[in-house]
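Chemist: need a 3D model of the following:
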Amino acid sequence: MNEFVFGPRVFIRPPYITCPNCGAEEQFGVLMIGWGYTRRCRECWFTERYDLPEIRKKVIYLDQMAISEMMKALNPASPAYERVDPFWRELFEKLDVLKKLQVIVCPDSATHRAESAVAPDPEALRRMYELLAFGITFKDGPSIRNAQVAEYLPHWLQGEPDHELELDVDHVTHGGVHRWEEHFFISVGGLDPEGWVDSLREQRERTAEGIVAVHERWRNSDLSFEELYRTELEAFRRTLLEVYVAETRRREEAIEQGIVDLEILLPSSISQLVETIHHVLHTEGVPDEELWTKTIEFLQPETLEHIPYVRISCMLYAALARKAQAGQVRPPSRGMVNDLQVVSALLPYCDAMFLDNEMAGLLGEEPLRTSLDFGTRIFSWNTRDRFLEYLDEIREAVPNEHVELVATVYGPEWDTPYTTLYQRAHGRGEGEEDAQPEAEA
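Modeler: Numbers count the residues shown, from 1 in each chain. Below is the predicted model of the structure:
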């Protein structure tokens, strides 16, 4: 068994150069990287900081299918390891190189975590999406939606209904998208609450049952797309108010009866949205007695469609309804519903998204293609070659001086794809090391 000694020198990483203080050769290594980087000598502990230029990374979202297939392509323990299409290994290698060159980032999401949790090998999937995200995580969809409402509402109050939101990706992520990444990241697992996976499975079943019923109503509808879209906007408004009233009543009854149940006492994301609206209205000087009047006035379809999350979500549901009207017998899958929620939240913040064929097809239809144009490139399995070309274009645009700077900070071999990601668990040869250090707890 190899012995691992943990000490302060562990954090001083290559590339090593001669220390300018004590003259020790190959001892002045990289200690920290972020908005700049710091070197420290392993002998005399002399420390010096260096500036790094500002960078703007492309934000690329990968759906769960892509994460799963890339895991299978690299993981010898996967039953599909020898059968998976070579495209997925090539895709991983291109993404990993671009990530290490500090020109892209592939943030993970709550959907990655949830869908991986109910999969046969959740830890293998987690290693894949966390590696490509490298500590950058999208906030959950409801939080993004609520933040959009909070940003837009003051402008609506000031008579600026056509105000366009800033849609800055740094506002909807944790970790600092455009900073230079560290040599390693720390992954902490096992923190999910007891029964979380069972709860996810139950929620998936309820969602599937609900969408089947909705699909049947769509099939019997003769509304135009615009009417379907307006119907979805009105449904959003109605559901929001109905759920808020019902939750408030249950909470009040539980308090009166002395019941301590967090599922009842803690507000859902829908109730949080109503409370966010009230908070903003109050902050903007609306009297308490007028809060509900203004809330109802705000929650009108013509206002709600200015919220990107709401507009995207309602248009996608209208597009699904149109397909049902056209004779599609199969109702949307649970995966489609998950994808719809992800796209509704993240589309405006991504430079590119790799989605399944059905979702990419919906976004390519009119009027969605025009009305939901946030400048995001949409790819899928059907356009996989174009996705590889898109990644090649990003690589070709990287200046040589940037590549040289990356080698100075991270080492000349840093941009080697980390294809040995799963070998630690499946028999690495003696003396081999990870190409990408990773700490896991």
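
Chemist: residue contacts, Asp85?
Modeler: Residues near Asp85 by C-beta atoms under 8 Å, 6 or more residues apart in numbering: 69, 73. The way it works is simple: take the backbone N, C-alpha and C, and place the C-beta from them, glycine included.

Chemist: quick one: pLDDT of it?
Modeler: pLDDT, the model's per-residue confidence, is 98 for Asp85.

Chemist: pull the contacting residues for the residue nearest to the spatial centre of the chain.
Modeler: The centre of the chain sits closest to Ser109, judged by C-alpha atoms, centre = their mean, with a distance of 3.4 Å. Remark: with contacts taken as C-beta under 8 Å, 6+ apart, Ser109 is in contact with 61, 137-138, 140, 342, 346.

Chemist: buried ones in the helix or strand where Leu91 lies?
Modeler: Secondary structure assigned from DSSP states H and E places Leu91 in helix 86-100. Residues of helix 86-100 classed as buried by neighbour count (16 or more other C-beta atoms under 10 Å): 87-100.

Chemist: before we move on, back to that, most widely separated two among the contacts of Ser109?
Modeler: Largest separation among the contacts of Ser109 by C-beta to C-beta: Tyr61 and Asp140, giving 14.2 Å.

Chemist: ok, the two, which is more surrounded?
Modeler: Regarding Tyr61 and Asp140, a neighbour count based on other C-beta atoms under 10 Å identifies Tyr61 as having more, with 24 against 18.

Chemist: beta partners for the more buried one?
Modeler: The residues paired with Tyr61 through beta bridges, assigned by DSSP bridges, are Met353.

Chemist: tell me the spacing between it and Met336.
Modeler: Shown here: Tyr61 relative to Met336, a distance of 16 Å by C-beta to C-beta, to the nearest Å.

Chemist: ok, now Cys41?
Modeler: Per C-beta to C-beta, Cys41 is found 56 Å from Met336.

Chemist: higher neighbour count, the two?
Modeler: A count of neighbours by other C-beta under 10 Å puts Cys41 above the other of Cys41 and Met336, at 23 against 17.

Chemist: who are the contact partners of the more buried one?
Modeler: Shown in contact with Cys41 (C-beta under 8 Å, 6+ apart): 19, 21-22, 24, 27-29, 47.

Chemist: please enumerate the helices of the stretch 201-350 of the chain.
Modeler: With DSSP state H, counting those that start in this stretch applied, the stretch 201-350 of the chain shows helices at 225-256, 262-265, 269-283, 291-298, 301-304, 308-325, 334-346, listed in chain order.

Chemist: including mean pLDDT, could these go into a markdown table?
Modeler: Shown next, in a markdown table, are the helices of the stretch 201-350 of the chain (pLDDT from 0 to 100):
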| stretch | mean pLDDT |
| --- | --- |
| helix 225-256 | 91 |
| helix 262-265 | 63 |
| helix 269-283 | 94 |
| helix 291-298 | 96 |
| helix 301-304 | 96 |
| helix 308-325 | 96 |
| helix 334-346 | 90 |
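
Chemist: distance to Leu167 added to these, as JSON lines?
Modeler: Rendered in JSON lines, the data for the helices of the stretch 201-350 of the chain read as follows (distance: least, C-beta to C-beta, whole Å):
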{"stretch": "helix 225-256", "distance to Leu167": "20"}
{"stretch": "helix 262-265", "distance to Leu167": "33"}
{"stretch": "helix 269-283", "distance to Leu167": "18"}
{"stretch": "helix 291-298", "distance to Leu167": "20"}
{"stretch": "helix 301-304", "distance to Leu167": "17"}
{"stretch": "helix 308-325", "distance to Leu167": "7"}
{"stretch": "helix 334-346", "distance to Leu167": "11"}
